[in-house]
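[1] Just a sequence and a predicted model for now, questions to come.
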Amino acid sequence: MPRFKAVEHGLQFLAVDLSLQLRPGSFEYALHHLIEHEIDLQDIEARYKNEHEGAWAYDPRVLLKIVLLAYSRGIISSRSMEAACCRDVQFMAISGNSAPHFSTLANFVSGLGGAIGKIFAQVLTICDRQGLIGRQLFAIDGVKLPSNASKAKSGKRKDFLRQVAKMEKAVEQILAKQRAADATTAEGALESKAQRRLERLQAEAAKLREWLKEHPHDRKSAKGKPRLSNRTDNESAKMPTDKGVIQGYTGVAAVDEAHQIILEAQAHGTGSEQELLLPVSGAIQPIAREHTVVCADSGYHSEDNLKRLEDKGLEAFIPDQLYRQRDPRYAGQEQHTAKPEALWNKSDKPAEKPKLFQPSDFKVAADQSHCICPAGKRLYRNGGNCNIGGRRAIKFSGAQRDCGRCQKRAQCLRHPQRTPVRQVAIFLGKHAKAAEKATERMKRKIDTERGREMLARRFATVEPVFGNLRCNKGLNRFTLRGRQKVDGQWKLYCLVHNIEKLAHSGYAK
């Protein structure tokens, strides 16, 4: 029988040179060299006031390197970071064998604030010095992620006032029950379960009253419309996604096409992408050149956004929602969208709402004096040259004697109980007095060969970046509260991506 040397897998006492663990060309080496020799952390260092008294503090350079290395490996928990500093040789080497407490790391991340923006800008300057920014195409996109906020505690002020009234009513019912018991029996104390419920309701009602006092108004959107508030993080937003409704933030990034460097990273507490285009495009405008093109997906398309970009002199390619129906490359896509989803449980599929009659279901007479509805009744013309959104339209209206007793009211009217007659507008093209809109000019650009090419290049530029952050780095949620803190955490993840690009390009070899 052959004999082999023993292999030890247990605890060993080894002499390790930590400086040799950071190999040139690796992410760890580039991160260490960048923080130690290139990045200015004076704003963070100025926060420490222990020159003459107080305990010795951990160097913020060490803490920043630990956090960035942890994020690069998908470690977002501060407790896991502390454990890695005690067990992982790479973390020992990059931190100089420091083992900060998890609370120190958590406070450091949440307290970075606006300082991380300056660090991000410094790394961006180094990327430009290395020739990693091409300035040909800037692609903008965003991702909605949940944060450390309770979705159940979202609502408007009227919803919270209703909750308070309900809690106080429940308290009164418990006290009334107790008073009735006091009058009939000698036992005066509440049962322990009822007493705990009473205390809980009183405490929750008091907290909610205090919150309403601190926030006397509902949140407003950019257009002044009321927006849902949240009692755990009032700067977060309730947003629909393809995975369901979440309470969180939208992380937006602008990516350069040449080497997929993230030029700008912002986190906003809104699910409306149209509100985010102008802040991001304004931030990247100083980096752009005359030949730079800005691309975004259809979620950022709006008349106001396109007009503002034209005023700034930025050439943009932002498609509308229907551009795929005009693109011959997507011909026949209906056969795929009609297929049932492989993971969809058909038994749980909600019942489809009946579809209403569309304007195309109404037949217009040759002289355009009237039209015939699906029930065979006449709708009479009451407007022949209407300007609706820059398009010429003919309006028709039904008669009360026909619509009032029609058997198809439920299929024809959205609110048959309160709508007396059906009205329909038939569009006949652009109105003669209508000025050309920015959306119309953009539609012509998108439908050209160059426009279609730009959309394909946008997809190939920005989507791999989000794939790297979400899949490779494990970013599936924000762990902080407040827009400034979440914005800092989003910038940290984007900073990891840019440092990886520097390491792969030969930086600090």
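    Received it, and whenever you're ready, just let me know what you need.
[2] Report the separation between G142 and A460.
    Using C-beta to C-beta, to the nearest Å, one obtains 17 Å as the distance from G142 to A460. Every residue, glycine included, has its C-beta placed from N, CA and C.
[3] what's the answer for M239, then?
    26 Å.
[4] In contact with the closest residue to T419 other than its chain neighbours, which residues are there?
    Leaving out its chain neighbours, the residue that sits closest to T419 by C-beta to C-beta, 6 or more residues apart in numbering is L413, at 4.7 Å. For L413, the residues meeting the contact criterion (C-beta atoms under 8 Å, 6 or more residues apart in numbering) are 356, 403, 419, 422.
[5] In JSON lines, list these along with neighbour count and secondary structure.
    As requested, these are arranged in JSON lines below (neighbours: other C-beta atoms under 10 Å; DSSP: H, G, I helix; E, B strand; the rest coil):
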{"residue": "L356", "neighbour count": "12", "secondary structure": "coil"}
{"residue": "C403", "neighbour count": "23", "secondary structure": "helix"}
{"residue": "T419", "neighbour count": "13", "secondary structure": "coil"}
{"residue": "R422", "neighbour count": "26", "secondary structure": "coil"}
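[6] tell me the two of these that are most distant?
    Within the contacts of L413, two members stand farthest from each other by C-beta to C-beta: L356 and C403, at 13.9 Å.
[7] Overlap of the contact sets of those two?
    Counting by C-beta under 8 Å, 6+ apart, the residues touching both L356 and C403 are 412-413.
[8] List every C-alpha atom in stretch 51-70, with coordinates, as PDB.
    This file holds the C-alpha atoms of stretch 51-70, laid out as PDB (Å, rounded to 0.1, in the frame of the first residue of the first chain):
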ATOM      1  CA  GLU A  51      -5.800  64.800  18.800                       C
ATOM      2  CA  HIS A  52      -5.400  65.300  22.600                       C
ATOM      3  CA  GLU A  53      -8.000  63.200  24.200                       C
ATOM      4  CA  GLY A  54     -10.200  60.200  23.500                       C
ATOM      5  CA  ALA A  55      -9.500  56.700  22.200                       C
ATOM      6  CA  TRP A  56      -7.400  56.000  19.100                       C
ATOM      7  CA  ALA A  57      -9.500  55.700  16.000                       C
ATOM      8  CA  TYR A  58      -9.300  53.400  13.000                       C
ATOM      9  CA  ASP A  59      -7.800  55.000  10.000                       C
ATOM     10  CA  PRO A  60     -10.700  55.900   7.600                       C
ATOM     11  CA  ARG A  61      -8.500  54.600   4.700                       C
ATOM     12  CA  VAL A  62      -8.500  51.200   6.400                       C
ATOM     13  CA  LEU A  63     -12.300  51.300   6.900                       C
ATOM     14  CA  LEU A  64     -12.900  52.400   3.300                       C
ATOM     15  CA  LYS A  65     -10.700  49.600   1.900                       C
ATOM     16  CA  ILE A  66     -12.500  47.000   4.100                       C
ATOM     17  CA  VAL A  67     -16.000  48.200   2.900                       C
ATOM     18  CA  LEU A  68     -15.100  48.300  -0.800                       C
ATOM     19  CA  LEU A  69     -13.400  44.900  -0.700                       C
ATOM     20  CA  ALA A  70     -16.400  43.400   1.100                       C
END
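[9] buried sites along it?
    Across stretch 51-70, burial judged by 16 or more other C-beta atoms under 10 Å covers 58-70.
[10] Distance of the residue nearest to T419 relative to G404?
    On the measure of C-beta to C-beta, L413 and G404 end up 11 Å apart.
[11] what ranges of this protein fall below the confidence cut-off?
    Applying pLDDT under 70 to the predicted model, the residue ranges of the chain that meet it are 182-191, 336-353.
[12] helix, strand or coil for the most centrally placed residue in the chain?
    Within the chain, the residue whose C-alpha comes closest to the C-alpha centroid is T250; the distance, by C-alpha atoms, centre = their mean, is 1.8 Å. Under DSSP: H, G, I helix; E, B strand; the rest coil, T250 falls in the strand class.
[13] try N97
    Under the three-state scheme (three-state DSSP), the conformation of N97 reads as coil.
[14] which residues touch it?
    Each residue near N97 by C-beta under 8 Å, 6+ apart is listed here: L18.
[15] The closest residue to F27 other than its chain neighbours sits in which helix or strand?
    Counting by C-beta to C-beta, 6+ apart, the nearest residue to F27 once its immediate chain neighbours are dropped is A503, at 4.7 Å. Element membership for A503 (DSSP states H and E) is helix 483-504.
[16] gap between the lengthiest helix in the chain and the chain center?
    Of all the segments assigned as helix in the chain under DSSP state H, the longest by residue count is helix 157-184. On the basis of C-alpha atoms, centre = their mean, to the nearest Å, helix 157-184 sits 39 Å off its chain's mean C-alpha point.
[17] how about it: buried residues?
    Residues of helix 157-184 classed as buried by neighbour count (16+ other C-beta under 10 Å): 157, 160, 163-164, 167, 171, 174, 178.
[18] Convert the C-alpha atoms of the helix or strand following that helix to CSV, please.
    Using DSSP H and E, the helix or strand that follows helix 157-184 in sequence is helix 192-214. Extracted C-alpha coordinates of helix 192-214, given in CSV (Å, rounded to 0.1, in the frame of the first residue of the first chain):
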residue,chain,number,x,y,z
SER,A,192,-52.5,40.3,31.1
LYS,A,193,-53.2,39.8,27.4
ALA,A,194,-55.7,42.7,27.3
GLN,A,195,-53.3,44.9,29.2
ARG,A,196,-50.4,44.2,26.8
ARG,A,197,-52.7,45.0,23.8
LEU,A,198,-53.9,48.2,25.5
GLU,A,199,-50.3,49.4,26.1
ARG,A,200,-49.3,48.5,22.5
LEU,A,201,-52.2,50.4,21.0
GLN,A,202,-51.6,53.4,23.1
ALA,A,203,-47.9,53.4,22.3
GLU,A,204,-48.5,53.0,18.5
ALA,A,205,-51.1,55.7,18.5
ALA,A,206,-48.8,58.1,20.3
LYS,A,207,-46.0,57.4,17.9
LEU,A,208,-48.3,57.9,14.9
ARG,A,209,-49.6,61.2,16.4
GLU,A,210,-46.0,62.4,16.9
TRP,A,211,-45.1,61.5,13.3
LEU,A,212,-48.1,63.4,11.9
LYS,A,213,-47.1,66.4,14.0
GLU,A,214,-43.5,66.3,12.6
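[19] Lovely, talk soon.
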